[in-house]
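Student: Pasting a predicted model and its sequence here:
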Amino acid sequence: MNTNFDLADPKKSVEDARKKALMLSVARLVLFFLLGIVLIVGISESHWSALLFFPLSGVFVVLILKFNTQKDRERFYESLLDIHRMGDQRQERKLAGFDPGTDFIDPTHPFSSDLDLFGKHSLFQLLNHTVSKGGREKLAGWIRNPLQPKAAEEKREALLELSRKKDFLFIFESLGRAFLKQEKSKVAFYRWLEKTLYWSPLFLFPMIIGPSLGLLVLLGVLLGWFPTVYLSVFIGLGLLLLGFVFKPLLEAMKALPNDSDLKTLQAWANLLERQEFEHPLLKGFQQPVKNHGFLASKALDQLERLTFLLQNRTNLMYLIFNVFFWTDFYVLYRLVRWHRRVGSYIRQWEETFENWEALVSLAAFIREENLSAPVRWSAADDLKMTAVKHPLIKPEDCVANDFKMGAEDQVILLTGSNMSGKTTFMRTVGINLVLAGMGVPPFAAALSCGHFQLYTSMRNTDSLGESISSFYAELARIKGLLDLAKEGRPIFYLLDEILKGTNTADRIMGSEALIRQLAGSSSKGIISTHDIELSELESSLPSMSNYSFHHDIQKDEIVFDYKIKPGPCPNFNAKILMELMGINLSKTGTDND
């Protein structure tokens, strides 16, 4: 498929393609009826006129191909318009109609369940520009990967280069969205590729002799040289011989992917082959489509054409040509040659395209959000974020924060009133670390980070099926953190409202013990709590610091600035919130004592 498209005015291009397709459709219909007339007249009256059927059939095929080309262009530009529409929705953070990727949520994963990476209103919905099942899984795998600073630094430069190739990103995604709509499972196809296709040298005889002999018999009968019985004998012989190749062609027809799937892969290969990349990582991802002595686009184009023939073997036009010229032998010959030469590379090419789907997703995200913040992976165990924001909050509504943990800081105790922004801030830190770990510039002015592994305990829920309470689930997460810390691994943790599932006295006692234990380990991180008593630990734990979020009361309304501040929270708002919601605290028993 030709991948040269004019992206300037996709709406006009859609209209042009529709008009051309309509004209070709009318011409094709007229020619179809003309073919029927020629065939009827040729058989019933003037036999020689039946010879016109074959050149007219060639014209009919050309019209079909041109019509299909215009329909392909129409679908491409419609997909391009959809991409622009989805881009606007992402900018507005209206993500309800996007794939949430809920099947990738794993409560046992170190961090993916707590940071809104998957699910409703998630990072996956912002990032995902993939169209295939494999590409979708590849992107999800990259999101869940542990932080790998060296790989992230290399990928970052590659993604920044790719993000500047605006046309490439649009064309790549549009091609997938236009044609890969009902992807067929390739399990049967890969099993078929592992087989040895049967081809006998004896098949060369009917493949070569069939067309010329068929043309001779047909001409002879139509021009009166031979009696009609010769044609009947030839057709009977052909049906007998074609029976030898019927089974392998039927198996191939069932196993081969949809021609629309192959159209997408061929177009992607053609697009990649024509691109010039500078970064070694991009060149490495590009190499599989052009390093086997032939171009992947040519090989996939051949398979697409063969698939088209096989899927249309019951078509009237094909049946006529097959009966007269034994075309099945030629189709099987080409299929066997393709299978032997190219079959072993298909898996590699499909994986290559899946990698490119994920790369295009990340690069398109960088371009859409205009991300360019520098990231420094520090040898020291520190973390510094300047003007960091949460990517899932509309940029104009999001409040930026500065945050720093030096090498000497082990625990940040975060206090604050309800709804002041503690949990959102912790998720902001975590989700930007995930982005940086994928090579995507974070939503910040700058980020500097040590070589940590991320671990969270923020969204622990009970499980009726496993008879597990939310408190026990939280304890299990904390045990996992302590086990990693005991191994001496550099962990950066985010613990939200620790031990909230038990009574106040036990919660404060357990929280103090946990903080002291973590302060003495190689891990570091942020712990949020409503227990202001824990802030007093700062005086006895030099490696612990207090930070907080505050609120203000203005005309019976609670106002938040969502800015993190040093020191413990000076006041809480639970009592005010309860009163605003109608709970009359003056009637409690304590007022009567």
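Tutor: Perfect, I can see it now.
Student: In terms of secondary structure, what does the helix or strand Tyr547 falls within contact?
Tutor: If you go by DSSP states H and E, Tyr547 is part of strand 544-549. Here strand 544-549 touches strand 411-416, strand 565-566, going by 3 or more CB pairs under 8 Å, 6 or more residues apart in numbering; DSSP states H and E. Every C-beta, even on glycine, is put in place using the N, C-alpha and C of the backbone.
Student: Which single helix of this protein contains the most residues?
Tutor: Longest helix in the chain, counting residues (DSSP state H): helix 53-91.
Student: buried set for it?
Tutor: 53-54, 56-57, 60, 63, 66-80, 83, 86, 90 (16 or more other CB atoms under 10 Å).
Student: returning to that earlier point: got the contact list for the strand holding Tyr547?
Tutor: Around strand 544-549, the neighbours that count as contacts under CB atoms under 8 Å, 6 or more residues apart in numbering are 409-417, 420-422, 425, 515, 519, 535, 537-538, 560, 562-570.
Student: Also compute the angle for that strand relative to strand 411-416, please.
Tutor: 30 degrees (axes from the mean of the first three to the mean of the last three CA atoms, to 10 degrees).
Student: In its sheet, which strands sit next to strand 544-549, and in what direction?
Tutor: In the sheet, strand 544-549 lines up against strand 411-416 (parallel), strand 565-566 (antiparallel) (DSSP bridges).
Student: okay, those, which one's buried deepest?
Tutor: strand 411-416 (a mean of 25; mean count of other CB atoms under 10 Å).
Student: now it, how far from the centre of its chain.
Tutor: Using CA atoms, centre = their mean, to the nearest Å, the distance from the centre of strand 411-416 to the centre of the chain it belongs to is 37 Å.
Student: Quick check: next helix or strand after that strand?
Tutor: helix 422-437.
Student: Including mean pLDDT, could the strands paired with strand 544-549 go into CSV?
Tutor: Listed next are these as CSV, based on pLDDT from 0 to 100:
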stretch, mean pLDDT
strand 411-416, 92
strand 565-566, 92
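Student: For those, give me TSV that also has distance to Ser297.
Tutor: As requested, the strands paired with strand 544-549 are exported to TSV (distance: least, CB to CB, whole Å):
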stretch	distance to Ser297
strand 411-416	53
strand 565-566	58
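Student: who wins for proximity to Asp259 among these?
Tutor: strand 411-416 (56.6 Å; CB to CB).
Student: Mind exporting the C-alpha coordinates of the closest one to PDB?
Tutor: Presented in PDB, the C-alpha positions along strand 411-416 are these (Å, rounded to 0.1, in the frame of the first residue of the first chain):
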ATOM      1  CA  VAL A 411      11.500   9.400  55.600                       C
ATOM      2  CA  ILE A 412       9.200  12.200  54.700                       C
ATOM      3  CA  LEU A 413       6.100  12.200  57.000                       C
ATOM      4  CA  LEU A 414       3.300  13.900  55.200                       C
ATOM      5  CA  THR A 415       0.400  15.300  57.200                       C
ATOM      6  CA  GLY A 416      -2.600  17.400  56.200                       C
END
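Student: could you give the angle of it to helix 422-437?
Tutor: Using the same axes, to 10 degrees: strand 411-416 against helix 422-437 is 140 degrees.
Student: quick one: contacts of strand 411-416?
Tutor: Residues outside strand 411-416 that contact it (CB under 8 Å, 6+ apart) are 405, 422, 425-426, 515, 518-519, 524-530, 532, 534-535, 537-538, 541, 543-551, 564, 568-569.
Student: Then stretch 132-142?
Tutor: 99, 101, 104, 118, 124, 127-128, 130, 176, 180, 183, 350-351, 353-358, 361-362, 438.
Student: shouldn't Val131 be in contact with Glu357?
Tutor: Yes - applying CB atoms under 8 Å, one finds Val131 in contact with Glu357, separated by 6.8 Å.
Student: what do these two both touch?
Tutor: Taking CB under 8 Å, 6+ apart as the criterion, Val131 and Glu357 both touch Gly176.
Student: Strands of the stretch 401-550 of the chain, start to end?
Tutor: Secondary structure of the stretch 401-550 of the chain, counting by DSSP state E, counting those that start in this stretch: strands at 401-405, 411-416, 446-449, 453-457, 491-495, 524-528, 544-549.
Student: Next, the angle strand 544-549 makes with the first one.
Tutor: An angle of 170 degrees separates the directions of strand 401-405 and strand 544-549 when computed by the same axes, to 10 degrees.
Student: Strand 401-405 - contacts with which helices or strands?
Tutor: strand 383-388, helix 422-437.
Student: Show me the one of these that comes nearest Leu239.
Tutor: Closest of the helices and strands packed on strand 401-405 to Leu239 is helix 422-437, at 63.0 Å (criterion: CB to CB).
Student: Give me the distance between the closest one and the centre of its chain.
Tutor: The answer for helix 422-437 is 22 Å, by CA atoms, centre = their mean.
Student: tell me the angle of it relative to strand 383-388?
Tutor: Orientation of helix 422-437 against strand 383-388 (the same axes, to 10 degrees) gives an angle of 110 degrees.
Student: what about the longest helix of the chain, distance to the chain center?
Tutor: Worked out by CA atoms, centre = their mean, helix 53-91 lies 23 Å from the chain centre.
Student: quick one: the closest residue to Ala299 other than its chain neighbours and Leu310, what's the gap?
Tutor: Distances taken as CB to CB, 6 or more residues apart in numbering place Val342 nearest to Ala299, at 4.4 Å, with adjacent residues excluded. Distance from Val342 to Leu310, counting by CB to CB, to the nearest Å: 16 Å.
Student: swap in Thr264?
Tutor: Taken as CB to CB, the span from Thr264 to Leu310 is 18 Å.
Student: neighbour-wise, which of the two wins?
Tutor: Higher neighbour count among Thr264 and Leu310: Thr264, with 26 against 21, using other CB atoms under 10 Å.
Student: mind listing what Asp114 touches?
Tutor: Arg427, Gly430, Thr456, Ser457, Met458, Arg459, Leu494, Asp496.
Student: no no, Ala152
Tutor: Going by CB under 8 Å, 6+ apart, the list of residues near Ala152 reads Val375, Trp377, Ala436, Gly437, Met438, Gly439.
Student: any idea which helix or strand carries it?
Tutor: If you go by DSSP H and E, Ala152 is part of helix 149-163.
Student: ok, Ser163 touching Ala364?
Tutor: Yes - using CB under 8 Å, Ser163 is in contact with Ala364, at 7.4 Å.
Student: hey, what's in contact with both of these two?
Tutor: Overlap of the contact sets of Ser163 and Ala364 (by CB under 8 Å, 6+ apart) consists of Leu169.
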